[in-house]
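Asks: output the structure for:
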Amino acid sequence: MAILTNSRSTFDAVGIREDLSNIIYNISPMDTPFLSSAGRGTCDNTLFEWQTDELATQAANQQLQGDVPDALAVSETVMAQNQTQISFKTVATTGTAEAVDFAGRRSSQAYQMAKRAKEIKRDMEFMLTGNSIRVVGDSTTAPKTACLQSWLGAKTTATSNLIDGGASTVVGIVNVSSSVYANGTAVKTGTAPTVQLTQAMIDLVVQRCYEAGGSPDTMFCKPDLKVRLSAIAGASLAEIRTQTKGDKPAHAINAVDVVVTDFGTFKFVPNRFCDQGSIGIVYVMDWDYWSINYLRPFQTLNLAKTGDNVKQMMLAEYGLEAKNGRASGAIVSCKAT
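Replies: This next block holds a predicted model:
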């Protein structure tokens, strides 16, 4: 087969208009389960405080008729505190770059600022679900808010809601000391995971949260542990085939997202950004006791103009409030396979 002599083709033609899509495709994940599920509050200072308390241990409480009782000894509330931290990103665009016609966006500066806001949300998800402790900060050290893991752990291994999955037997961990509950000042990060996540680990952490008075309803972890949670819950035992009416196809289901346990109904949620250091951690959350408090909510600051450019900063200043960490829990040092 031959090409007609002197016929023009696109290979040597000049002036063909570029065909550039007006849509920008970004695959980077944006879901932030912790930020989306925790409460949102405000604070008026970089150091914010709250109080925790608990009821006395239950007793038979039988009394004599006509008895004149002594006043009961009472326990005071416990003060807890955390620090706000600042997260920001800046963008500068030349006047020329703002003036030219870009595909997929009207303003290069606005597009980049929108990206920065999404990136800060991802940074917050990564950091808040981590193992950082509170840092007050000074003129040379940036302040840091105490993160989720540093608020988990009770006074004794027999009551702790922080479970060591790497131990030879499933036990709790005392996060700080035997005299105080976890308070954002220390963290047990766990060891490299060597033991597969088991039903016994899950049962124990959920039971500990329930016994402390919590009502957790969500477990979240990195994706491979989510697969393991589904397998434990029974998804791997058999595929469930659901017949649908009409010409719609049947569905084969091999995952579990909601499970009913002895202590409540739980959602299983994968989280791409948690588990810093890959220590193998599954969080068990009662969202009523967690809040992200903002001293300065997300905002755009116009920075000083120093030439032919537009310069802006996307900023948020916030801290994590663990209203009572004992309502939630975690399993550390566990692996999927």
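Asks: doesn't residue 152 make contact with residue 172?
Replies: No - in this structure residue 172 lies outside contact range of residue 152 using CB atoms under 8 Å: 10.1 Å. Bear in mind the C-beta positions are built from the backbone N, C-alpha and C, glycine included.
Asks: of the two, give the one with the bigger neighbour count.
Replies: residue 152 (29 against 21; other CB atoms under 10 Å).
Asks: which residues in the chain form helices?
Replies: Residue ranges of the helices in the chain, as given by DSSP state H, are 33-37, 95-99, 108-128, 199-212, 223-232.
Asks: residues making contact with the second one?
Replies: When contacts are taken as CB atoms under 8 Å, 6 or more residues apart in numbering, the neighbours of helix 95-99 outside the stretch itself are 107, 108, 109, 308, 309, 310.
Asks: buried ones in it, by neighbour count?
Replies: 97, 98 (16 or more other CB atoms under 10 Å).
Asks: report the distance from it to the chain centre.
Replies: How far helix 95-99 lies from its chain's middle: 38 Å, per CA atoms, centre = their mean, to the nearest Å.
Asks: where does the chain have low pLDDT?
Replies: 1, 4, 6-29, 189-190, 235-254, 276-277 (pLDDT under 70).
Asks: for the contacts of helix 95-99, which two are the farthest from each other?
Replies: Greatest spacing in the contacts of helix 95-99, by CB to CB: 107 and 308 (15.9 Å).
Asks: so who does residue 34 touch?
Replies: Counting by CB under 8 Å, 6+ apart, residue 34 touches 125, 128, 129, 148, 220, 271, 274.
Asks: report the two of those residues separated the most.
Replies: Greatest spacing in these, by CB to CB: 128 and 220 (12.1 Å).
Asks: joint contacts of residue 172 and residue 152?
Replies: Common contact partners of residue 172 and residue 152 (CB under 8 Å, 6+ apart): 161, 162.
Asks: quick revisit: just the ones of the contacts of residue 34 in strands?
Replies: residue 220 (DSSP state E).
Asks: which one of the contacts of residue 34 is nearest residue 77?
Replies: For residue 77, the nearest member of these is residue 148. The distance, counting by CB to CB, is 22.6 Å.
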